[in-house]
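In: for reference, the sequence and a predicted model appear below.
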Amino acid sequence: MRIVTTIALDTIKEAGLTVPVDGRAVHSKIMLSVEVSDRLFVEINVLRAMSVLWTGLLCLRSMFSMQDESAGYTAKDFVNWLMESSHNAQNEKSRKRIADEREDEVRFGSQSNLAAVIGKYYKQLLPGDRWFQYEYQAEGYRKLTTVFTTKALLDMEIDLSDEDSGIVIRTPRKTSLPSSDLDPEMLRLFKDYGKLKLEQQIQRGTTLFSNPTFVVENISFEKRLSEIGFGLVDFLKYRFTSGLLGDELTESLVRSKGNIDAIVNEPLTFLPIRSRLMSTRSALDNFSSRYCAAGVNAFVAIRRGKPYDDFGIPVHLRSQKVATGSNKWSLTPQAYHQQLMNSKREAYLQLTVFRELFEEGFGGDSVEREHNNLDPQWYMHQHPGMRWFREFAGAYDLKLQNLTINSYAGNVDFGCSLIIPVEAYWQEFGSLLEKNWEASKMEVVSSLDHERWVDLLTESDWISESVPTLVSGLNYLSRRFPKRTRLPTVEFKAV
């Protein structure tokens, strides 16, 4: 497992670390690399040593010290447990168990099964409920997702080519504490289940970045989206509290061996966190009850000349190293909306679209997250495929297409489209597209490959938050460029 985070020097001393410490300069900052085991490294940024979090374990410690002293845990206890967990992951018995767990998750935790549980769990419509479950139909095939949205928040086509999109973005100085952090029973559930899932992530070799993550505190819309209020929380604090909703849902299917009725009929047994945190449709947009992480995904389509005469659309199969959605198809890019440079400008959605395109589309190194540039869009200078967007600002279309709530983990996702109708872009940069560690496979699918798109839409397992954006993007291309597309007819249905 690899966790990239910051750490206070006194925390190292408190932990009693005696392992070799190695110093190196990265972008005018001094980084320390502490080797904890053969599989686990913690990177420490000395110039940001005010952070009191150390990996996910100290994150858990800080969360639960509000109610007690984490049962008397010390930093040294956490380090010893962390090293033991990492060491245990390397023996043969553990490797077989991990392989069996992954096989069960693929077998029972498919998106169709997850969506079926969600559909039955939130089946009851109460007066005033405005969120419907998203289902799409392609070539006679119907597929339900875990995503909820409203008709006002689909196919919005709000221009994001500059920061004057007409949407008011608010970033309060202090993030509100969700009610779940004040509930002793919720804290107990988070603490017990969070430690269990963190240990599992360690043993699986998952990569986690401890970065400030935007959480949605409010959204305003009537006929169109008009305002978004963002707070900030450390990713690990979100991941091992409200973010456990998704783990719990997948595990319920594994525990019940896919018995959907058993899960829905015994929610306190199988879904104790969901039953207390997000038990009804009306609770989906109760953002004050949980940390509601913001996600951004984008449908990218690049016009290609001869011999293609089409649009190339990059998609990827998520690797086993990612924190969520492993072994499922996703749009490229797909990411949490995060603040990496301590700039309020980073709340604008387009910055995450471009940053993640740099990382996921052009193989940008994740260590660049510690860049010492004052420009929050420093990555636009790091690759010729990214510089092009500044040099030819009017040559592409970047729009916000939809806003959805993914009930899997209770997140809000912003679906965007990035259409590049300039053949020269592919000629210059198409061969430079490459996957990064988040993808086990990256594929550029032709807008003329009807058979491949039918297969992807009907037979492949997608993370649900990508689906509305994919459907909007495919339909948009068919309408605007009919001679360069031969795509299946895809429609959505409100459930």
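Out: Ah, there it is.
In: ramachandran coordinates for residue 177?
Out: Backbone dihedrals for residue 177, given as degrees, to the nearest 10, come out at phi -80, psi 120.
In: go on, residue 304?
Out: Here residue 304 shows phi and psi, under degrees, to the nearest 10, equal to phi -120, psi 140.
In: surely it meets residue 431?
Out: No - counting by CB atoms under 8 Å, residue 304 stays clear of residue 431, with 11.7 Å between them. All C-beta spots, glycine's among them, are computed from the backbone N, C-alpha and C.
In: neighbour count winner among those two?
Out: Higher neighbour count among residue 304 and residue 431: residue 304, with 22 against 8, using other CB atoms under 10 Å.
In: find the nearest non-adjacent residue to that one, please.
Out: residue 426 (4.5 Å; CB to CB, 6 or more residues apart in numbering).
In: any idea which helix or strand carries the one you found?
Out: helix 423-429 (DSSP states H and E).
In: buried sites along that helix?
Out: For helix 423-429, the buried set under the neighbour-count rule, 16 or more other CB atoms under 10 Å, comprises 423, 425, 426, 429.
In: relative to residue 270, how far out is residue 255?
Out: 7 Å (CB to CB, to the nearest Å).
In: who's more crowded, these two?
Out: residue 270 (21 against 15).
In: domain assignment for this protein?
Out: 2-90, 126-182+208-234+285-495 (automatic domain parsing).
In: would a markdown table of those domains with distance to residue 274 and mean pLDDT be doable?
Out: Shown next, in a markdown table, are the domains of the chain (distance: least, CB to CB, whole Å; pLDDT from 0 to 100):
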| stretch | distance to residue 274 | mean pLDDT |
| --- | --- | --- |
| domain 2-90 | 19 | 40 |
| domain 126-182+208-234+285-495 | 9 | 88 |
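In: any idea which of those is most buried?
Out: Among the domains of the chain, domain 126-182+208-234+285-495 has the highest mean neighbour count (mean count of other CB atoms under 10 Å), at a mean of 18.
In: I figured residue 469 hits residue 415, correct?
Out: Yes - under the criterion of CB under 8 Å, residue 469 makes contact with residue 415 at 3.2 Å.
In: what is in contact with the two at once?
Out: Shared contacts of residue 469 and residue 415, defined by CB atoms under 8 Å, 6 or more residues apart in numbering, comprise 297, 298, 299, 401, 402.
In: next, give me the two most distant ones among those residues.
Out: Greatest spacing in the shared contacts of residue 469 and residue 415, by CB to CB: 298 and 402 (11.4 Å).
In: residues shared between the contacts of these two?
Out: 415, 469.
In: distance check, residue 428 against residue 302.
Out: Distance from residue 428 to residue 302, by CB to CB: 11 Å.
In: ok, residue 146 - contacts?
Out: Neighbours of residue 146 in contact, by CB under 8 Å, 6+ apart: 111, 114, 115, 118, 133, 406, 407, 408, 464.
In: which strand or helix spans the second one?
Out: For residue 114, the host element (DSSP H and E) is helix 111-121.
In: now find how far off-centre the helix or strand following that helix is within its chain.
Out: Reading on from helix 111-121 to the C-terminus, the next helix or strand found by DSSP H and E is strand 132-138. From the chain centre to the centre of strand 132-138 is a distance of 21 Å (CA atoms, centre = their mean, to the nearest Å).
In: and the angle for strand 132-138 with helix 111-121?
Out: 140 degrees (axes from the mean of the first three to the mean of the last three CA atoms, to 10 degrees).
In: partner strands of strand 132-138 and their direction?
Out: strand 141-149 (antiparallel), strand 490-494 (antiparallel) (DSSP bridges).
In: closest to residue 351 out of these?
Out: strand 141-149 (23.4 Å).
In: give me the nearest residue to residue 466, chain neighbours excluded.
Out: residue 331 (4.5 Å).
In: residue 151 contacts residue 468, correct?
Out: No - Residue 151 is beyond contact range of residue 468, at 11.8 Å (criterion: CB under 8 Å).
In: tell me the strands in the stretch 301-450 of the chain, going along the chain?
Out: 310-318, 329-331, 334-336, 397-406, 411-420, 439-446 (DSSP state E, counting those that start in this stretch).
In: quick one, which of those is nearest to residue 183?
Out: strand 411-420 (20.2 Å).
In: the closest one - contacts with which helices or strands?
Out: strand 294-304, helix 349-356, strand 397-406, helix 467-480 (3 or more CB pairs under 8 Å, 6 or more residues apart in numbering; DSSP states H and E).
In: now do the contacts for residue 132.
Out: 148, 149, 150, 494, 495.
In: make a markdown table out of these and add distance to residue 178.
Out: Below are the contacts of residue 132 laid out as a markdown table (distance: CB to CB, whole Å):
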| residue | distance to residue 178 |
| --- | --- |
| 148 | 19 |
| 149 | 22 |
| 150 | 23 |
| 494 | 28 |
| 495 | 28 |
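In: among the residues you listed, which pair sits farthest apart?
Out: Top of the distance list for those (CB to CB): 150 and 495, 12.8 Å.
In: so residue 226, which state does it fall into?
Out: strand (DSSP: H, G, I helix; E, B strand; the rest coil).
In: who's residue 445 bridged to?
Out: residue 313.
In: what secondary structure does residue 453 sit in?
Out: Residue 453 ends up helix, using three-state DSSP.
In: measure it to residue 304 for me?
Out: 16 Å.
In: just residue 438 next, same as before
Out: 24 Å.
In: one more: residue 339?
Out: From residue 339 to residue 304 the distance is 35 Å (CB to CB).
In: about what we covered before: residue 165: which of the strands of the stretch 301-450 of the chain is closest?
Out: Taking CB to CB, strand 397-406 is the member of those nearest to residue 165, at 7.1 Å.
In: who does the longest helix seen in the chain touch, helix- and strand-wise?
Out: For the chain, the helix reaching the highest residue count under DSSP state H is reported as helix 184-204. Under the contact criterion of 3+ CB pairs under 8 Å, 6+ apart, the helices and strands touching helix 184-204 comprise helix 55-64, helix 75-88, helix 92-108, helix 244-255, helix 272-277.
In: what's the average pLDDT for it?
Out: Per-residue pLDDT values over helix 184-204 give a mean of 83.
In: off-centre distance for it?
Out: Relative to the mean C-alpha coordinate of its chain, helix 184-204 is positioned 19 Å out (CA atoms, centre = their mean).
In: that one: which residues count as buried?
Out: Neighbour-count burial for helix 184-204 [16+ other CB under 10 Å]: 186-187, 189-191, 193-195, 197-204.
In: pretty sure residue 130 contacts residue 148?
Out: No - with contact defined as CB under 8 Å, residue 130 does not count as touching residue 148 (9.5 Å).
In: pretty sure residue 327 contacts residue 106?
Out: Yes - applying CB under 8 Å, one finds residue 327 in contact with residue 106, separated by 5.9 Å.
In: right, and the helices and strands packed on strand 411-420 - which one's nearest residue 226?
Out: Across the helices and strands packed on strand 411-420, closest to residue 226 is strand 397-406 (CB to CB), at 11.5 Å.
In: coming back round to it: ok, so of the buried residues of helix 184-204, who is nearest residue 358?
Out: residue 201 (25.6 Å).
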